[in-house]
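Q: starting from these lines, generate the structure:
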Amino acid sequence: MALRSIYRAVIMGPPGSGKGTVSAHITKRFGLKQLSSGDLLRANIKAKTELGLLVKYRIEQEGQLAPDDVISQLILHELRSMERTDWLLDGFPRTVSQAEALDNVYSVDTVIHLDVPLQTIKERLTSRWTHLPSGRVYNVEFNPPRVAGLDDDTDEALVQRADDTPETVTQRLKVYETQTEPVLAYYRGKGVLATFSGTETNKIWPHIQAFLDKEIALV
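A: Coordinates of the predicted model:
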């Protein structure tokens, strides 16, 4: 029997759209390995790698995001160790430049786009608490920690981020839309964008699952 091709996917959605929950479902059901740019950045900063130190400096001293070429280099370096692995990228690419850098090396089969109304996201983000060392996020409404105020894995205290206020959330979403719309258009033009709309992750997921059941069976 011939081996099927490697399946490569990207998940996109604004902060609070449920990407973490959907990604967890995808990795569990379909065996894709999730690669989160945020997790990878934190690991490199913690390990004080050359890239990690550069990113930390940009964030702390200049208040800027890491340059496109640095993020692309970081992700592509990690993907080289996953050549024969089905993967799901979360948080990358964020710009057309990053998307083009990815395309120069790997062909993306599907881009899953979570389209969630602005008001729903505002409600989610202002109800969420974060375990800062790991980046794990909880929501008191639909994904609460087992013990209120404490991380499930470490029992360390959770915090509510200062940028999760309604005003800041609105601004963050505007920035996301400005930055990301061109990326969505880029993938739409390539015919690989699959958009799933709704207000509840548990109702969106069955549609994504049915879509991937068919997609992955074809590779």
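
Q: list the buried residues of the helix or strand residue 181 falls within.
A: Here residue 181 is covered by helix 166-190, with elements defined by DSSP states H and E. Across helix 166-190, burial judged by 16 or more other C-beta atoms under 10 Å covers 169, 172-173, 176, 180, 183-184, 186-187. Every C-beta, even on glycine, is put in place using the N, C-alpha and C of the backbone.

Q: now render those residues as CSV, adding distance to residue 29 and pLDDT.
A: Formatted as CSV, those follow (distance: C-beta to C-beta, whole Å; pLDDT from 0 to 100):
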residue, distance to residue 29, pLDDT
169, 30, 81
172, 30, 80
173, 29, 85
176, 27, 84
180, 26, 88
183, 26, 96
184, 25, 96
186, 27, 97
187, 23, 98
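
Q: can you redo those as JSON lines with distance to residue 70?
A: Conversion of the buried residues of helix 166-190 to JSON lines gives the following (distance: C-beta to C-beta, whole Å):
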{"residue": "169", "distance to residue 70": "27"}
{"residue": "172", "distance to residue 70": "22"}
{"residue": "173", "distance to residue 70": "25"}
{"residue": "176", "distance to residue 70": "20"}
{"residue": "180", "distance to residue 70": "19"}
{"residue": "183", "distance to residue 70": "18"}
{"residue": "184", "distance to residue 70": "23"}
{"residue": "186", "distance to residue 70": "20"}
{"residue": "187", "distance to residue 70": "22"}
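
Q: show me what the helix holding residue 181 is packed against.
A: Packed against helix 166-190 by the contact rule (3 or more C-beta pairs under 8 Å, 6 or more residues apart in numbering; DSSP states H and E) you find strand 8-12, helix 96-103, strand 110-115, helix 118-125.

Q: and the ones you listed, which is most packed in?
A: By mean neighbour count, with neighbours taken as mean count of other C-beta atoms under 10 Å, strand 8-12 ranks first of these at a mean of 23.

Q: following that one, which helix or strand comes up?
A: Next in sequence after strand 8-12, counting helices and strands by DSSP H and E, comes helix 19-30.

Q: which residue, other than its chain neighbours, is closest to the most centrally placed residue in the chain?
A: The C-alpha lying nearest the average C-alpha coordinate of the chain belongs to residue 90 (C-alpha atoms, centre = their mean; 2.8 Å). Nearest non-adjacent residue to residue 90, counting by C-beta to C-beta, 6 or more residues apart in numbering: residue 36, 4.5 Å away.

Q: which among the buried residues of helix 166-190 gets closest to residue 135?
A: Set against residue 135, the nearest of the buried residues of helix 166-190 by C-beta to C-beta is residue 172 (16.1 Å).

Q: how about the contacts made by that closest one?
A: Contact analysis of residue 172 by C-beta atoms under 8 Å, 6 or more residues apart in numbering lists 15, 163.
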